[in-house]
Each structure stands twice: as C-alpha cells, then as structure tokens.
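Undergrad: quick one, what's the 3D model for this:
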Amino acid sequence: MATYLGTHGSKIQNYTTDPDNPNTGEVWYNETANTLKFQYPNTTGAWSTGGSLNTGRYTAADNIGTQTSALCATGQTPSYTANVENYNGSAWTEVNNVNTARSNAAGAGTTTSSLIAGGYAPGTAEEDATELYNGTNWTEVNDQNVARYGAAMGGADNTAALYAGGNGVPSGASAITELWNGTNWTEVNDLNTNRGNFAGAGISTAMIVFGGYSTPPAAYYDNTEQWNGTNWTEVNDLNTGRRILAGSGLYTSALAFGGETAPNADLANTEEWNGVSWVEVADIPAGRIGLGGAAASNTSALAFGGNPGYSTDTNEWNTGVPVGAWSTGGTMNTARSGSAGSSAGTQTASLVISGYSTTVVANVESYNGTNWTEITDVNTGRGSSAAGAGTTTSALFSGGDSGSPTTNTELWNGSNWTEVNNMNTSRRGLSGFGADNTAALAFGGNPNPSSVLTDTELWNGTNWTEVNNLNTGRSSMSGAGVSTAGIGFAGFNPGALTNTESWNGTNWTEVNDLNVGRNDMGGCGTYTDALGFGGVTPAGQFNSTEEWNGVSWTETSNLSTARNDMANVLGASVLGLCAGGSTGSATGATEEWSATSITTKTVSTD
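TA: Reported below is the predicted structural model:
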C-alpha cells in the first residue's frame, strides 16, 4: 500500500501552529488542536470569451458538436438565413449553407455527422424539412411527420435522433415526439407536457428536456423530463422557469442557460444538471434569448449568438477554474477617484497619483502592502483619469484635466516630481502603462465631451512620439502592460464597450472582448495575464472582475465594493490591487487580489 512518505518524499510534519505557506496537498499535524490538516485551491465553473460569430443571429439550430468543434446553423440575422458556421475552439469559419433558410430549427450530432429538422421559414411557416450534414454538404432527406418549430432535439450523429415538442400544430404547443433512424421519422411516446421554445440535451436513447412555454394559457415552464428510449418521465424542475433558452450536454450531465421569464426579461442564469437536480452556477456574461449551445457534458460547453442585438458573442464554459479572491487592504489618506497609478508597481509597492476628491487634488500616496503614506505632491493636480506608468521609484504622470484637458507630463525619481516635455495631444480620460519613467505608452481619451481619440503616443524618457492609433477610439478605458507589449480594454464611445486591443510595440490588434462592457474600469497585469475590475454603465456601477489569460476573458470573484474610476497601479495580476475610485462619491478603500484562494481541511484525530 502506498504511504505518505513514499508518495511525497517526506514524513507528515508536526507543528504547534499551522505553517505559514504549506505546499498544496501537503498534510501536517497541528499538535495544539490535535488535528491533521491540508490545503487545496478552490475552483469553480466560469464562462470566458470565445471567438465571435461572423454573422450575428438568434434562434439558430444548435446542439451540434462540442466546445472545440461545433456548428451554428440557420437562424434570424434579422432575415431568415441558411448560413452555417463551424467553431474550432477559437474561431468561427463559414461552411456550406443548408438548403432551406429558417429559424427555430433543432440540431443534433457532430460537425461531421449532423442533422437539422423543423423550424420556421417565410412563406411556409412551420417547417417539416430535414437535412443531413456529412462534414461538407447538406442533403435534404425525408420530412418529419408533423411540421413544428421551437422544439428540442438530441442525437449522437445523423443516423439517430429524437425530436420533441415544438410550436405550430393546430393546438399550439405540442408534446409530439418523433424518432429518426437515419432514413425516416417515426412517432413515439409523447412528452408529458406540451411545450415549445424549450431546450434539451442528450442522444436518441437518453435525453433530457427543460423549460419552455405554451399558450393559451400563457405559461413559462420549469418542468424537466427525461427520455429512456421508450418513455418520458418528469424529474426535478429547473430553479427558474423560462423560455427561448439554450441547453447542452447529456442525459445525466447538462447545462441550461439564458432565456426569458417574460417578454424582454432576459436571463443570464446558468443551471447545471447532475442527473438528479439542477444547481445554479455562474451566469453567462449577458442576459440573452434565442442563443445556441453545444457540449459533451456540463463541464465544458459553448454558448453563442442570441438577442438582443443579433449577437455575435461566443462564451466558453469550463469547470475546475481556480478561484481568486479580494481582501481588504489599507485605506488611503485622501479618498479620490480619477487617479493615475504606477502601472508597473506591486501589491506591496505602488503609487496613487492626484485625482478628484471634492476638488482636484495634487496628493500622491505610496502603498507598502499595509498602509498608505503621503509623499511629495505633483506640480499640477488633475482629475478625469490622467495616465500613469512606472514604479514607486521611477514613474510618469501625463494628461488629464486641470480645468481643461492638458498635455502636462511629470516625471518621478523616487523623491521629486519634475515637469518634462508635454504630450502632443491634450486629453483627459486616457489610459497608459510603462515599466518606468523612461518608456511608457499613452492612448485614447477625449479632448472634449463630444469626441473620443484613437491617438497613441510613446514616451522614450525625453519626448512623446505619435505612433499607430487604436482601432476603436474611446475614453475612460483601462489597460495593462509595458510600452512594448500591453492591452487596452473597455471604455466609452459613446456607450460602454467590451472591445479589447493588444499592443505589440508597433500596432494595435483587436482580440477577444470582455464579457461585460463598461467604462472607467480598473486594470492591472501584463499583456498575457491581466485583471479588469469594477467600472460603470448607465445601469450602475460594477463589482465584477474578469481575468485575461492572453487569449480570452473569464469572469471571476467580485470586488467587495462596486466602484469605478480607480487607479491602474500594478504590473501583475497574481497579486493585484484596487485603490480608490468612486462609489457615488470618492472612496479611499483598497482591496488586494490573490489569484488563488485556498481552503484548509481539518481531519480530527480524536
């Protein structure tokens, strides 16, 4: 039998108190408490951004494939479309169209062996047409017995599928179920509840359906039914009844997400089915209806398209994602918003520079990981988000608003601020980053309330030089990185943006968007590892945090206090910092981020 010594190469150590930094999986004995203890990192399920659809749409045929190999077929764009796209885990590619344009069709199978059936098409209303896909072309085959739309379908490939319920028969929502054997449809035992605009997951011999709607009388269903190859059986309901939702996965391992509980009451709710009951998990980034889904189980899934806005958004669901956590840090001496920060600082050595309290302040404070200390003021105080760069010993402060947008630049040497050569373009609401006061980048902003800028300027220690512009002009954006490699994200133009752009030292490139658009976010980190947090839209302030891994954004643990317009003060995302900002008025609150939170498990030896 394996022993702890044989597995870990050391014996269980005895301590009178718990060790400060035990290794993950290490077991120790606490003599005082008479207990064995060990730690493990907390994980969760989370949605992250994927590659956008080429054609935005809703009510597409879905449930074809997996998170890394899926099809999105037909739908409304807003016209009825025959368009089909293939997802490879990072990007969508247009492939051959179906023969009949339609919306509200159902799909099943894989990207090399699939089918779509039913739907709604102009001129013919309810569709009974069935088409098979072989990985290259779509072929019309034998029709369904009853034309319907808004049904649910499951199937492993294009030789065996189950199509249940739907709308359009004379009595309204239907309970009719049909089985496909690769050649023909055969009517089999009905659902227990007539419904349309619902979702399903599984294969022809083992399927689950959930949610939906019927009228008259109008009803939004939470009902869940399972198919065992012969009959439907009522099982435990969804927590939230809804229609026009998406579903994906298997009979024993499924997800339900999106939908609505009333007209225009769009949901972001996600629920996870474990074979027995539904559990609420992390929401999709934005509420929407008529979105599509694909998955092999409830641990790895895809959501795409939907309304409002004929969305192109794609989101990927994964479990086992490490959970970071915010904790309370020291409070600043002067509450403020719109400050600049030392963008390459650390959690134990950072600056917050100037900003707005009840008036513009010139105060500068330095953080040591515990407390904030007032140091030498800047020469010209300014609010409205000036750009900051550098560290506690070598920093730069530029732009902002000192009564009007300014080009002023000041350099910090660890003791004093010195006025140096100005920027080329006056602006406020800009963003910036840099490793120190010899190399920095400033970008975006606005010269007046009615316009935004794409302008980017590079600082070489002496002068600012105009370089290649952002693709999307905006103000009140955030960023992370150094002058040769960084990202800019979010902002206002007008309205809150999700756009993210990466900088390679020469050009800006559009990359995967944030999950939730907002402006005046906080940010910290690097080109490949960053955090974005807080922010504001007309709907209110945010406490949500997103983590960038160099490819996509993933929603993670929230700030304790919703706020916007905080300083960008850090060059790392593993140990991050959120300082100041506005909660409606200026705040001095500080929160510290740890990328991984830990649970300590105790085993009694009594």
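Undergrad: output stretch 339-356 as CSV, restricted to C-alpha atoms.
TA: Extracted in CSV, the C-alpha atoms of stretch 339-356 (Å, rounded to 0.1, in the frame of the first residue of the first chain):
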residue,chain,number,x,y,z
SER,A,339,-6.4,59.0,-10.2
ALA,A,340,-3.4,57.8,-12.1
GLY,A,341,-1.1,55.0,-10.8
SER,A,342,2.2,53.3,-11.0
SER,A,343,1.2,50.8,-13.6
ALA,A,344,4.2,48.6,-13.0
GLY,A,345,4.0,48.7,-9.2
THR,A,346,3.4,45.7,-7.0
GLN,A,347,0.9,44.9,-4.3
THR,A,348,3.5,45.9,-1.7
ALA,A,349,4.9,49.0,-3.5
SER,A,350,2.5,51.2,-5.5
LEU,A,351,1.6,54.8,-6.1
VAL,A,352,-1.7,56.6,-6.5
ILE,A,353,-1.2,60.0,-8.1
SER,A,354,-3.5,63.0,-7.9
GLY,A,355,-7.2,62.7,-8.8
TYR,A,356,-10.5,64.1,-7.6
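Undergrad: report the rounded mean pLDDT for that stretch.
TA: Stretch 339-356 carries an average pLDDT of 93.
Undergrad: and that stretch, which residues are buried?
TA: For stretch 339-356, burial by neighbour count (16 or more other CB atoms under 10 Å) applies to 339-347, 349-356. Backbone N, C-alpha and C define where each C-beta goes, glycine included.
Undergrad: check stretch 32-43 too.
TA: So, applying 16+ other CB under 10 Å, buried residues of stretch 32-43: 35, 37-39.
Undergrad: what do you get for stretch 107-114?
TA: Buried residues in stretch 107-114 (16+ other CB under 10 Å): 107-111, 113-114.
Undergrad: just stretch 499-507 next, same as before
TA: Under 16+ other CB under 10 Å, the buried positions of stretch 499-507 are 499-503.
Undergrad: contacts for that stretch?
TA: Stretch 499-507 is contacted from outside by 441, 456, 467-468, 470-472, 474, 481, 483-491, 508-514, 527, 548, 553, using CB atoms under 8 Å, 6 or more residues apart in numbering.
Undergrad: average pLDDT across that stretch?
TA: Mean predicted confidence for stretch 499-507 is 97.
Undergrad: chain center to it: distance?
TA: When C-alpha coordinates are averaged (CA atoms, centre = their mean, to the nearest Å), stretch 499-507 and its chain have centres 20 Å apart.
Undergrad: for it, list the C-alpha coordinates in CSV.
TA: Provided in CSV are the C-alpha atoms of stretch 499-507 (Å, rounded to 0.1, in the frame of the first residue of the first chain):
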residue,chain,number,x,y,z
ASN,A,499,-13.5,45.9,-27.0
THR,A,500,-10.0,44.7,-26.2
GLU,A,501,-6.9,45.5,-28.2
SER,A,502,-3.4,44.2,-27.9
TRP,A,503,-0.3,46.3,-28.5
ASN,A,504,2.9,44.6,-29.8
GLY,A,505,5.1,47.7,-29.7
THR,A,506,4.1,48.8,-33.2
ASN,A,507,0.4,48.1,-33.8
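Undergrad: what about residue 162, how many residues nearby?
TA: Using other CB atoms under 10 Å, residue 162 has 25 neighbouring residues.
Undergrad: where's it, which helix or strand?
TA: In the assignment (DSSP states H and E), residue 162 maps to strand 160-169.
Undergrad: give the other helices and strands that that strand contacts.
TA: Helices and strands touching strand 160-169, by 3 or more CB pairs under 8 Å, 6 or more residues apart in numbering; DSSP states H and E, are strand 106-109, strand 114-117, strand 125-126, strand 152-157, strand 172-180, strand 199-203, strand 206-210.
Undergrad: name the SS class of residue 488, please.
TA: strand (DSSP: H, G, I helix; E, B strand; the rest coil).
Undergrad: thought it was touching residue 445?
TA: No. Applying CB atoms under 8 Å, one finds residue 488 not in contact with residue 445, separated by 11.2 Å.
Undergrad: return the member of the buried residues of stretch 107-114 nearest to residue 242.
TA: When those are compared for distance to residue 242 (CB to CB), residue 107 wins out at 20.1 Å.
Undergrad: which among the contacts of stretch 499-507 end up buried?
TA: 441, 456, 467, 470, 472, 474, 481, 483, 486-491, 508, 511-514, 527, 548, 553.
Undergrad: just to check, residue 560 is in contact with residue 329?
TA: No. Residue 560 lies out of contact with residue 329 (CB under 8 Å); the separation is 10.6 Å.
Undergrad: identify the contacts common to those two.
TA: Common neighbours of residue 560 and residue 329 (criterion: CB under 8 Å, 6+ apart): residue 591.
Undergrad: the more surrounded of the two?
TA: residue 329 (20 against 14).
Undergrad: which non-adjacent residue is nearest that one?
TA: Spatial nearest neighbour of residue 329, chain neighbours left out: residue 590 (3.7 Å); criterion: CB to CB, 6 or more residues apart in numbering.
Undergrad: I figured residue 183 hits residue 132, correct?
TA: No. If you go by CB under 8 Å, residue 183 and residue 132 don't touch, sitting 10.3 Å apart.
Undergrad: more neighbours, these two?
TA: residue 132 (20 against 8).
Undergrad: among the buried residues of stretch 107-114, find me the one that's closest to residue 368.
TA: residue 111 (54.6 Å).
Undergrad: quick one: contacts for the spatially most central residue of the chain?
TA: Geometric centre of the chain, nearest residue: residue 515, 3.5 Å, by CA atoms, centre = their mean. Residue 515 makes contact with 47-49, 285-286, 315, 498, 546, 553-555, according to CB under 8 Å, 6+ apart.
Undergrad: related to what we said a few turns ago, among the contacts of stretch 499-507, which ones are in helices?
TA: Using DSSP state H, no member of the contacts of stretch 499-507 falls in helices.
Undergrad: mind checking which of those residues land in strands?
TA: Judged by DSSP state E, these include 441, 456, 467, 481, 485-489, 508-511, 548, 553 as members of strands.
Undergrad: which of the residues you listed sits closest to residue 534?
TA: Nearest to residue 534, judged by CB to CB, of these is residue 489 at 12.6 Å.
Undergrad: any idea how far the closest residue to the closest one other than its chain neighbours lies from residue 107?
TA: Residue nearest to residue 489 in three dimensions, not counting chain neighbours: residue 500, with 4.3 Å by CB to CB, 6+ apart. Separation of residue 500 from residue 107 (CB to CB, to the nearest Å): 31 Å.
Undergrad: for this protein, what helix or strand is lowest in average pLDDT?
TA: Ranked by mean pLDDT, DSSP states H and E, the helix or strand of the chain with the weakest confidence is helix 4-8, at a mean of 55.
Undergrad: sort out which residues of the helix or strand just after it are buried, please.
TA: Once helix 4-8 ends, the next helix or strand along the chain (criterion: DSSP H and E) is strand 13-15. Going by neighbour count (16+ other CB under 10 Å), nothing in strand 13-15 comes out as buried.
Undergrad: so what strands line up beside strand 13-15?
TA: strand 27-30 (parallel) (DSSP bridges).
Undergrad: show me what the helix or strand just after the partner strand is packed up against.
TA: Reading on from strand 27-30 to the C-terminus, the next helix or strand found by DSSP H and E is strand 35-41. Helices and strands touching strand 35-41, by 3+ CB pairs under 8 Å, 6+ apart, are strand 27-30, strand 598-604.
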